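Undergrad: Coordinates only, no sequence provided:
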């Protein structure tokens with residue numbers, strides 16, 4: 001963010017100072033040289049601090065592990081065997097993500113606070129979590145409320161789901177100043193959980209458009225979808241928007257007018273647009289398909305694995321692919337292709353294969 005340009009400018013001025021030095025130097029020149037050397041030393045320390053976590057240990061009587069942050073623990077290489085095994089898988093994902101970013105993204109830009117609204121901060125445990133709806137984010141928010149709640153919460157499942165999403169219960173990275181944002185991005189362990197894009201999309205559709213209690217979504221999005229894509233909508237559908245078909249939902253997503261009018265809702269927005277994985281270096285990329293071991297690795301790095309367990313439903317995620325295939329079998333190949341192109345970056349960045357059921 002802001003720190004890179006300032007460092008570059010200082011470095012350039014330091015090199016210019018060195019080129020102007022002669023053998024016989026007046027007192028003022030020696031003072032200038034000393035100042036340049038001091039600036040260079042500061043810059044070297046700065047670049048060392050952002051290139052890798054500081055895993056050095058001072059001469060203290062407490063065990064080193066108690067002084068490490070999750071980021072330091074992750075890169076120290078002396079974790080117990082179970083965490084080391086998980087780390088190898090997680091490291092492979094990080095490397096694949098970085099390769100995909102290099103291959104498929106050309107332009108880089110500076111992040112704005114608006115880009116960081118989905119990043120939740122836990123300063124107590126030095127964690128930053130980018131939440132993605134329909135990827136166990138309710139349970140992750142519950143866990144973070146326990147971790148940051150100063151004892152107010154002890155059991156994640158005792159926290160009502162709606163309370164986990166209340167603005168103000170958790171702090172977003174966007175709430176901090178630019179220097180504070182940069183420091184946290186440098187010092188905290190950053191993690192995100194992702195899911196096969198079309199399985200996440202089907203989950204979002206089923207939750208928001210087929211559940212009778214989601215009247216707010218029906219009113220805001222359903223009535224608009226029915227009005228625009230249904231040939232002869234009846235008065236009840238136009239008024240309530242509660243019977244949107246998956247085909248109509250897909251038409252709404254691929255219609256160029258949709259994103260011109262407003263950004264996608266977070267429940268079907270692409271992960272790369274919510275979490276910016278090619279601009280933010282995520283130390284851990286967890287997957288919904290391996291939720292339990294990946295969550296356990298995060299909690300172990302945070303040092304709370306003995307006191308806190310991630311709540312899982314025990315659901316068999318292998319059935320999600322069958323569910324998505326059933327929904328997509330009624331979608332024309334033309335719309336399947338347009339939808340795949342819309343979510344293509346999420347497939348590429350997170351190493352998900354093109355679904356076999358697609359007719360593209």
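TA: Noted; the coordinates are in hand. Every value quoted in this text rests on a predicted model; they were computed, and no experiment measured them. Residues are numbered from 1 along each chain as shown.

Undergrad: pretty sure residue 292 is touching residue 313, no?
TA: No. Contact criterion C-beta atoms under 8 Å: residue 292 and residue 313 do not qualify, at 10.2 Å. All C-beta spots, glycine's among them, are computed from the backbone N, C-alpha and C.

Undergrad: next one: the helix or strand harbouring residue 297 to chain centre, how far?
TA: Element membership for residue 297 (DSSP states H and E) is helix 291-301. With C-alpha atoms, centre = their mean, to the nearest Å as the basis, helix 291-301 stands 16 Å off its chain's centre.

Undergrad: tell me the mean pLDDT for the next helix or strand after that helix?
TA: Using DSSP H and E, the helix or strand that directly follows helix 291-301 along the chain is helix 318-328. The pLDDT scores in helix 318-328 average 90.

Undergrad: buried set for the helix or strand just after helix 318-328?
TA: Using DSSP H and E, the helix or strand that follows helix 318-328 in sequence is helix 333-342. Across helix 333-342, burial judged by 16 or more other C-beta atoms under 10 Å covers 336, 338, 339, 340, 342.

Undergrad: now swap in stretch 246-254 and tell me
TA: 246, 248, 249, 250, 251, 252, 253, 254.

Undergrad: so how far is the longest strand along the chain from its chain's centroid?
TA: Secondary structure of the chain per DSSP state E: the longest strand is strand 189-194. Between the centre of strand 189-194 and the centre of its chain there are 5 Å (C-alpha atoms, centre = their mean).

Undergrad: Packing partners of it?
TA: If you count contacts as 3 or more C-beta pairs under 8 Å, 6 or more residues apart in numbering; DSSP states H and E, strand 189-194 packs onto helix 70-76, strand 127-130, helix 271-275, strand 284-287, helix 291-301.

Undergrad: and the helix or strand following that strand with strand 189-194, angle?
TA: Remark: after strand 189-194, the chain's next helix or strand is helix 197-209, criterion DSSP H and E. Using axes from the mean of the first three to the mean of the last three C-alpha atoms, to 10 degrees, the inter-axis angle of helix 197-209 relative to strand 189-194 is 80 degrees.

Undergrad: ok, then the element right after helix 197-209?
TA: Next along the chain after helix 197-209, taking DSSP H and E as the criterion, comes helix 215-217.

Undergrad: mean confidence for whichever helix or strand comes after that next one?
TA: Sequence-wise, the next helix or strand downstream of helix 215-217 (DSSP H and E) is helix 223-229. Averaged over helix 223-229, pLDDT sits at 97.

Undergrad: Which residues outside helix 223-229 are in contact with it?
TA: Residues outside helix 223-229 that contact it (C-beta atoms under 8 Å, 6 or more residues apart in numbering) are 233, 237-241, 243-244, 248-249, 251-252, 255.

Undergrad: downstream neighbour of it in the secondary structure list?
TA: helix 235-240.

Undergrad: burial count for residue 174?
TA: Other residues near residue 174 come to 16 when the count uses other C-beta atoms under 10 Å.

Undergrad: if I pick it, what's in contact with it?
TA: With contacts defined as C-beta under 8 Å, 6+ apart, residue 174 is in contact with 113, 114, 115, 116, 117, 119, 181.

Undergrad: Which secondary structure state does it sit in?
TA: helix (DSSP: H, G, I helix; E, B strand; the rest coil).
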